[in-house]
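Student: just a sequence and a predicted model for now, questions to come.
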Amino acid sequence: MDKIKRAKGKFPGIWIIILIIILIYIGSSTFYTIGVDEVGVIQRFGRYITPPRPPGLHFKLPRGIEKVTKVKVRFVYKEEFGFRTIQAGVRTRYASGSAYLNESLMLTGDLNVAVVPWIVQYRINDPYNYLFKVHNVRATLRDLAESTMRLVVGDRSINEVISKREEIAVQTEGLLQKELDEAETGIRVTTIEMKKTNVPEPVQSSFNEVNQAVQEKEKMIYQAREEYNKLIPKARGQAEKTVKSAEGYALDRVNRAKGDASRFLAQYEEYAKAKDVTRRRLYLEALSEIFPKLGSTYIIDSEQENFLPLLNLGQPKGGEK
Amino acid sequence: MKVKAIIIIVIILIIALFAAAYVVDETEQVVITQFGKAVGEPKKDPGLYFKIPWFQKANYFPKNLQEWDGDPGQVPTLDKTFIYVDTFARWKIVDPLEFFRTVNNVVGALGRLDDIIDSAVRNFITSYPLIETVRKTNRELDTFELGIDQVKDTSPLGEVSLGRGKITKGILDQAQPKLADFGIELVDVKIKRLNYVEQVRQSVYGRMIAERNQIAEKFRSEGEGEARKIEGDRERDLKQITSEAYRKAQEIKGKADAEATQIYAQAFGEDPDFYSFIQTLDIYKEAMGKESSIILSTDSEFLKYFKGYDGAR
């Protein structure tokens, strides 16, 4: 004990050191820096002092009197519903599945069930409201976003939920912003983006089947058209051919008739000059032409009756006859 | 000795000052109590305040908007569908004095909110059909299927007379007066999640699948019908084309035949006898050949000189 007392007496500078430490402690809390995407909200004895401090180095009254809270006003925050990003990157991985399904599973207006995952991006546009008006802004935002999305989806059919995502996003954004303003959260929604809306897993295959059926329908129609296109132009050509060949026949027939007629008339003209002689000549000419060609000739006396048995008609023609 | 006494007095004063001063934050309000009894008006504005040190105590209450999350419970609707309803509400302490007297702190308040809001939610959900809670308006739903002629939606969804907005408003109106006694203002009550319970969900899935299958079948049979129609067109067009061609061809041929007949008649009419004479000779020439045998009677004109040169018999 004596030693300590003696030490104290020897070094009065210890008081100075303590004083300096206290001064440094107080002094270090009299300046602060605000980052480029932030503003500093100052409270003196708990009361908010306007205006918020811009980025840069600033001074304030020491700890216990003034307090600074930094709010990132330019940063875009993101809330995910129905899934979570595990690892953002070139190929972002998501965690979905049953764990977050409760967030995205909702009833549609036609009492069907849809899976609607989405994200909300927002900025803090009023640091005062953001810090002081609502106890837990993030929870409030999540609750309001879920409730608003369900309100919008609840007034749409399952088809609309799947096909008109943009419309849903726009309407939800408007309603959600109104709610957030009313609740004085100091938040501005920048985007609501719908992820892939779908029907629940067990129902998906039947929805795909409808798409497949649409394809099948088209296919059947195209096949029928194909068959039509294969046959009809061919048939038209065939018809054309039939008509043309009939025309050919007609020309042939008429020309032949004309030819025959001319020949006959020419012959007749000569014949008329010497009827009897010409007649005989023509007859004999014909016979002389015919007889050499004939296979066999039989000559029967006019008195002879019943000569047929004598002949061996129908036998192959031979040279011995 | 004198200096020492002064130092002690100053130190005591400083300590007393620190004990007397208290800060009310922007998010807080304070009720001062003296031996457990509230004294004076609650301090709602932020800033630096003083109280009697040691004898008085500052009780802090939040002034900003508080959240309350309902317990998701299984509730039957009027049409006997069991659903899970997850509600949330936002509230704030408007009368900290009353709040302090009745529920003491936030945890106590949340218990009261559970009792009052949950029962109000149940009351309302069970008194209306499901559709009233799900939908907001009577907006025309677009159930139009891409490429289908219009599936007539016959599911009896019913009319929406209230809608979710009015139902949550009703819940709020029912719960609010009961909470006013606790110095609490209920700002709003909203339905966060609404879902079928598991068994109902399965049967709803079944219904959705059946509905889709029916639509798929409709597409298929439409395709089939369309294809048959085209096939029919094909058959008809084919028949039409060939028969028209046949008709035209026959007409042309007939006309040609007629013309030929007329030409022949005109020419041969000059001397029908001569015509039949030379025509017959021509036919003989053509018809008779190696294959033919001829039996001539000595009576025939041809052999009239064969029997004798006289010729006259």
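Tutor: Perfect, I can see it now.
Student: quick one: buried residues of stretch B:75-87?
Tutor: Judged by neighbour count (16 or more other CB atoms under 10 Å in any protein chain shown), stretch B:75-87 contains these buried residues: B:75, B:77, B:81, B:83-87. (Glycine included, C-beta is placed from N, CA and C.)
Student: now intersect the residues you listed with the strands, please.
Tutor: When DSSP state E defines the strands, the subset of those inside them is B:75, B:83-87.
Student: quick one: the strands in chain B?
Tutor: For chain B, strands defined by DSSP E occupy the ranges B:21-24, B:28-34, B:37-43, B:47-50, B:56-62, B:66-69, B:73-76, B:82-93, B:184-196, B:293-297.
Student: next, the angle from the longest one to strand B:82-93.
Tutor: Orientation note: strand B:184-196 sits at an angle of 160 degrees relative to strand B:82-93 (axes from the mean of the first three to the mean of the last three CA atoms, to 10 degrees).
Student: and strand B:184-196, what does it pack onto?
Tutor: If you count contacts as 3 or more CB pairs under 8 Å, 6 or more residues apart in numbering or on different chains; DSSP states H and E, strand B:184-196 packs onto helix A:98-104, strand A:105-107, helix A:137-153, strand B:82-93, helix B:106-127, helix B:130-134, helix B:164-180.
Student: quick check: angle from that strand to helix B:164-180?
Tutor: Angular relation of strand B:184-196 and helix B:164-180 on a 0 to 180 degree scale: 140 degrees, by the same axes, to 10 degrees.
Student: please apply the same query to the last one.
Tutor: With the same axes, to 10 degrees defining the directions, strand B:293-297 sits at 140 degrees from helix B:164-180.
Student: pull out the buried positions in strand B:293-297.
Tutor: For strand B:293-297, burial by neighbour count (16+ other CB under 10 Å) applies to residue B:293.
Student: chain center to it, what's the gap?
Tutor: With CA atoms, centre = their mean, to the nearest Å as the basis, the distance from the averaged C-alpha position of strand B:293-297 to the chain average is 100 Å.
Student: mean confidence score for that strand?
Tutor: For strand B:293-297, mean pLDDT is 75.
Student: what is the rounded mean pLDDT of stretch B:257-270?
Tutor: Taken as a whole, stretch B:257-270 has a mean pLDDT of 89.
Student: which residues touch that stretch?
Tutor: Stretch B:257-270 is touched from outside by A:250, A:253-254, A:256-258, A:260-262, A:264-265, A:268, B:275, with contacts defined as CB atoms under 8 Å, 6 or more residues apart in numbering or on different chains.
Student: chain A - how does it break down into domains?
Tutor: In the assignment given by automatic domain parsing, the structural domains of chain A cover A:12-71, A:77-199, A:212-305.
Student: does chain B have contacts with the first one?
Tutor: Yes. Part of domain A:12-71 sits near chain B under the criterion CB under 8 Å from any CB of the partner chain, namely A:43, A:45-48.
Student: make a markdown table from those residues and add neighbour count, secondary structure and distance to residue A:58 to it.
Tutor: As requested, these are arranged in a markdown table below (neighbours: other CB atoms under 10 Å in any protein chain shown; DSSP: H, G, I helix; E, B strand; the rest coil; distance: CB to CB, whole Å):
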| residue | neighbour count | secondary structure | distance to residue A:58 |
| --- | --- | --- | --- |
| A:43 | 20 | strand | 14 |
| A:45 | 19 | coil | 18 |
| A:46 | 18 | coil | 19 |
| A:47 | 16 | strand | 18 |
| A:48 | 17 | strand | 16 |
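Student: touching, residue B:25 and residue A:48? I think so.
Tutor: No. Taking CB atoms under 8 Å as the definition, residue B:25 is not a contact partner of residue A:48, at 9.4 Å.
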